[in-house]
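J.: Everything below, folded, please.
(chains A and B)
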Protein chains: 2
Amino acid sequence: MPQKSIDELDPVTNQMRKDAMEIFQSGLKAVSAFDAVGRHLRRTNEKLYIADKVFDLRHVNRIIVIGAGKATAAMAQAVEQILGKRISDGLISVKYGHGLPLKYIRTIEAGHPIPDQNGMKAARQMLDMVKNTSAHDLVLVLLSGGGSALMPLPVESITLEEKQTLSDLLIGCGATIHQINAVRKHISAIKGGKLAQAVLPSSLVTLIISDVVGDDLDVIASGPTVPDRSTYHQCRQITDHYNITRDLPKSVQKHIENGLKKQFPETPKVSSANWSHVSNVIIANNYQAILAASQKAGKKGYRNLILSSRIEGETRIVAQVHGAIAREAATTGNPAPPPLCLLSGGETTVTVGNGGCGGRNQEFALAAALDIQGVEKIVVLSAGTDGTDGPTDAAGAIADHTTVQRSQKAGLEPFEHLNHHNAYPFFKKLDDLLITGPSQTNVMDLRIILVR
Amino acid sequence: MPQKSIDELDPVTNQMRKDAMEIFQSGLKAVSAFDAVGRHLRRTNEKLYIADKVFDLRHVNRIIVIGAGKATAAMAQAVEQILGKRISDGLISVKYGHGLPLKYIRTIEAGHPIPDQNGMKAARQMLDMVKNTSAHDLVLVLLSGGGSALMPLPVESITLEEKQTLSDLLIGCGATIHQINAVRKHISAIKGGKLAQAVLPSSLVTLIISDVVGDDLDVIASGPTVPDRSTYHQCRQITDHYNITRDLPKSVQKHIENGLKKQFPETPKVSSANWSHVSNVIIANNYQAILAASQKAGKKGYRNLILSSRIEGETRIVAQVHGAIAREAATTGNPAPPPLCLLSGGETTVTVGNGGCGGRNQEFALAAALDIQGVEKIVVLSAGTDGTDGPTDAAGAIADHTTVQRSQKAGLEPFEHLNHHNAYPFFKKLDDLLITGPSQTNVMDLRIILVR
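T.: As a prediction, the model looks like this:
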């Protein structure tokens, strides 16, 4: 935990930095994947309570656990602790190196963010596991951020490479996440509600740790257990709109054409398919983390203001707006007077030019540092709840009103580092990186700004 | 005032739109240049009160009024109403077409934002008017946004064209406003405190309507009556840093070299010059407008939250952040529950690619409209307090959660308009432009977001 010596920083600022760390940790704790499962899955000898559903364990035959995502290993551990031997079969797909010891549920480690054959193998096995279930069985699905890439299963006529080419085309042309997902779901054998339909007639409960703004069930892991709202017709409109229809792999073109000719079924819709056996439950999200963080801030004597849990946009500008609000608080006591803790969450973006080393949270802290320099006394912490920020070993960074001055003393040029998206070496030299290691959860980013 | 028929919009949204307009008008009224002067300049037969200074009119010989800026004509009218025949001489420089009827103070209309010979003529005359004043005279300076361009006076060896070349180089290389001002002040005969020194030994009061974030006296109209903090040495560092030293006009290079060799005096510093005769008074700023707007919102039954009066950054992203806060309020009641009025001010920027027609406020409203579409019920108003937004006849625009839907019905493509910075025709077709005409004040932009 980066904490400056009192020689370098005044005691108040030092205390604020310490407070910011503790507030962040409280937020993180509230969305621990393990605890979140524990809160939503309770059992007695006879009954199993999942969110608002009750299952009589005496009448449940098999319980099958499947899932994919960065936090899914910890979710699986919690499920094992609660259900133990009652688990008949289980398989999860997690990122390489993210496996955890499990007794009843098998783990396949696979590629993320670029999907690979291991992920496909896992997805195929999961689909096979649930296909022959009966009405007396229960399928438990554990989803978290990254679940889409870790569970790729294109329809038979399309290879994983072709699916990847499609993804690259869609991302490259500027399509929105909803447009990308619409097309992806239509070439998948498991996404867009297809997993839920494969599970029939058994019951299905999906526990979800949300890593998307607005907690859109449709979007998280491309909604394998959620009705789809998009159509083949829209897929064609989208690829036409971005002028990429002719660039699509032949197999993808053919598949969409078959879909348009009704030679291949539509994704299951809310009205066209049976969903009475399905429950989707969000067990942790960004807002819960912010709420817990704000409560901790309150205990530490700060007034709280949650700005928003759904902040998106180019990091540098988003940081400027946060800085402007903090400076207003320090100067006029708006939107609330100090001691104040401003909180926000969501996921910003960095449009990388010629790439330095950093991540969106470190860049946020650097841009904010430039904005608040010399304004007494402001501390800014920005970090990813999954413990990683960009391709670095840090979760984020911490900055204050003295950061720019200290950096210049250390021979650093903050503007240069910002312009080159090179925040990692900047904060490393100042010993102001926030390093938590993999946190086994993932509810996007938290930003904590303290003003005194 | 754009107000939809009840057929097109539900009554609640219609009322919110009306409220937003009234709240904006209240903000505007609070910073009226005419009223602001009236609040800070009071007289009896014998005494003249200006902010915290008192002048005994029986011992004041001449009163000379000079000034420059977009709102300075209205300021001059107020001064005439209060001082009338006591004005011995007066001259102001305003934008072409912005003159108002005056009796004792002459008006020169000049180029803005590109300075021209008329502005230079005005600046030279002003300097001449104050040079031969005595200790019994009082000089009143009226500054508002645009004052710098309307009062250009480079030192004798530099032409206006060369000064303009310098400005273009500094803006083009990415120098900050403080860096640009540092260099500008050092080649000016009137900026950077030089006007204040020319006025000696007479008293000087400058009334200022601030159009800059943070109300930095140094920055407004390049601080003609404020001590300068920058040096010739820094000017050289700045032009070296941006690698433009050799591109500077020869006359500018020569002048800076002479300054470095102390063959030309430094700008007056706080310690090296006499400032006891000088008062600088900010009589209106963005925060006052926001505060008045928030009070009006309170009377209309909205909870108020002033986010910040100092918001800067790329409009589109700034709008996204505001949208995220409004959506959070509508969904979780944070940062405060509806009915809520979120207010912010400052001046955002639009990085124009291939230029459509619009301004930063109209673009804000369009980007916000895309962000809040379908979220009931949100109204967003963004407008410039000077009555103009970019090169258009509108001050800004008003949007709500139905704007995108209505625009699509009207055959408009909101994303296309946003991407091409073409918000003006978009809002014109929807009849959602906010057209106020020149407002005779200028305290940057106001944004009002209502959430129900």
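J.: hang on, isn't residue A:157 packed against residue A:254?
T.: Yes: if you go by C-beta atoms under 8 Å, residue A:157 and residue A:254 touch, sitting 6.9 Å apart. In short, each C-beta sits where N, CA and C put it, glycine included.
J.: Pull the number of nearby residues for residue A:285.
T.: Residue A:285 is flanked by 24 other residues according to other C-beta atoms under 10 Å in any protein chain shown.
J.: What residues sit buried inside the longest helix anywhere in chain A?
T.: In terms of residue count, the longest helix belonging to chain A (DSSP state H) is helix A:11-30. The neighbour-count check on helix A:11-30 (16 or more other C-beta atoms under 10 Å in any protein chain shown) flags A:13-17, A:19-24, A:26-28, A:30 as buried.
J.: right, and the pair among the residues you listed with maximum separation?
T.: A:13 and A:30 (26.4 Å; C-beta to C-beta).
J.: So which bits of the stretch 301-450 of chain A are right by chain B?
T.: A:305-314, A:316-318, A:320-321, A:324-325, A:327-328, A:332, A:334-335, A:346 (C-beta under 8 Å from any C-beta of the partner chain).
J.: Among these, which ones are in strands?
T.: Mapping those onto strands (DSSP state E) picks out A:305, A:306, A:307, A:308, A:309, A:310, A:311, A:346.
J.: what's the fourth one in contact with, if anything?
T.: The contact partners of residue A:308, by C-beta atoms under 8 Å, 6 or more residues apart in numbering or on different chains, come to A:344, A:345, A:346, B:321, B:324, B:325, B:327, B:328, B:334, B:335.
J.: Grab the nearest non-local neighbour of residue A:416.
T.: Distance criterion C-beta to C-beta, 6 or more residues apart in numbering or on different chains; nearest residue to residue A:416, sequence neighbours excluded, is residue A:422 at 7.6 Å.
J.: Drop anything exposed from the residues of the stretch 301-450 of chain A next to chain B.
T.: If we count by 16+ other C-beta under 10 Å, these have these buried: A:305-314, A:316-318, A:320-321, A:324-325, A:327-328, A:332, A:334-335, A:346.
J.: Could I get the full set of helices for the stretch 351-452 of chain A?
T.: A:360-372, A:403-409, A:414-419, A:423-430 (DSSP state H, counting those that start in this stretch).
J.: Please identify the most buried of those.
T.: Compared across those, helix A:360-372 shows the largest average neighbour count, a mean of 29 (mean count of other C-beta atoms under 10 Å in any protein chain shown).
J.: re the thing from before, would you convert the contacts of residue A:308 into JSON lines that also reports distance to residue A:43 and pLDDT?
T.: Shown next, in JSON lines, are the contacts of residue A:308 (distance: C-beta to C-beta, whole Å; pLDDT from 0 to 100):
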{"residue": "A:344", "distance to residue A:43": "37", "pLDDT": "98"}
{"residue": "A:345", "distance to residue A:43": "32", "pLDDT": "98"}
{"residue": "A:346", "distance to residue A:43": "35", "pLDDT": "96"}
{"residue": "B:321", "distance to residue A:43": "43", "pLDDT": "98"}
{"residue": "B:324", "distance to residue A:43": "39", "pLDDT": "97"}
{"residue": "B:325", "distance to residue A:43": "41", "pLDDT": "98"}
{"residue": "B:327", "distance to residue A:43": "37", "pLDDT": "97"}
{"residue": "B:328", "distance to residue A:43": "35", "pLDDT": "97"}
{"residue": "B:334", "distance to residue A:43": "34", "pLDDT": "97"}
{"residue": "B:335", "distance to residue A:43": "39", "pLDDT": "98"}
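J.: Reformat those residues as JSON lines; add distance to residue B:189.
T.: Conversion of the contacts of residue A:308 to JSON lines gives the following (distance: C-beta to C-beta, whole Å):
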{"residue": "A:344", "distance to residue B:189": "48"}
{"residue": "A:345", "distance to residue B:189": "53"}
{"residue": "A:346", "distance to residue B:189": "51"}
{"residue": "B:321", "distance to residue B:189": "43"}
{"residue": "B:324", "distance to residue B:189": "48"}
{"residue": "B:325", "distance to residue B:189": "47"}
{"residue": "B:327", "distance to residue B:189": "52"}
{"residue": "B:328", "distance to residue B:189": "52"}
{"residue": "B:334", "distance to residue B:189": "53"}
{"residue": "B:335", "distance to residue B:189": "49"}
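J.: Tell me the span between the first and last residue of stretch A:184-202.
T.: Stretch A:184-202 has its terminal residues 26 Å apart, counting by C-alpha to C-alpha, to the nearest Å.
J.: about what we covered before: from the ones in strands among the residues of the stretch 301-450 of chain A next to chain B, pick the one nearest residue B:280.
T.: residue A:305 (33.7 Å).
J.: That closest one contacts residue A:344, correct?
T.: No: with contact defined as C-beta under 8 Å, residue A:305 and residue A:344 do not form a contacting pair (9.4 Å).
J.: can you map out the helices along the stretch 151-300 of chain A?
T.: Going by DSSP H, counting those that start in this stretch, the stretch 151-300 of chain A shows helices at A:160-172, A:177-186, A:194-199, A:232-241, A:250-260, A:286-299.
J.: want to throw those helices into CSV with mean neighbour count and mean pLDDT?
T.: CSV is the format used below for these (neighbours: other C-beta atoms under 10 Å in any protein chain shown; pLDDT from 0 to 100):
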stretch, mean neighbour count, mean pLDDT
helix A:160-172, 17, 93
helix A:177-186, 21, 91
helix A:194-199, 24, 96
helix A:232-241, 18, 94
helix A:250-260, 17, 96
helix A:286-299, 22, 98
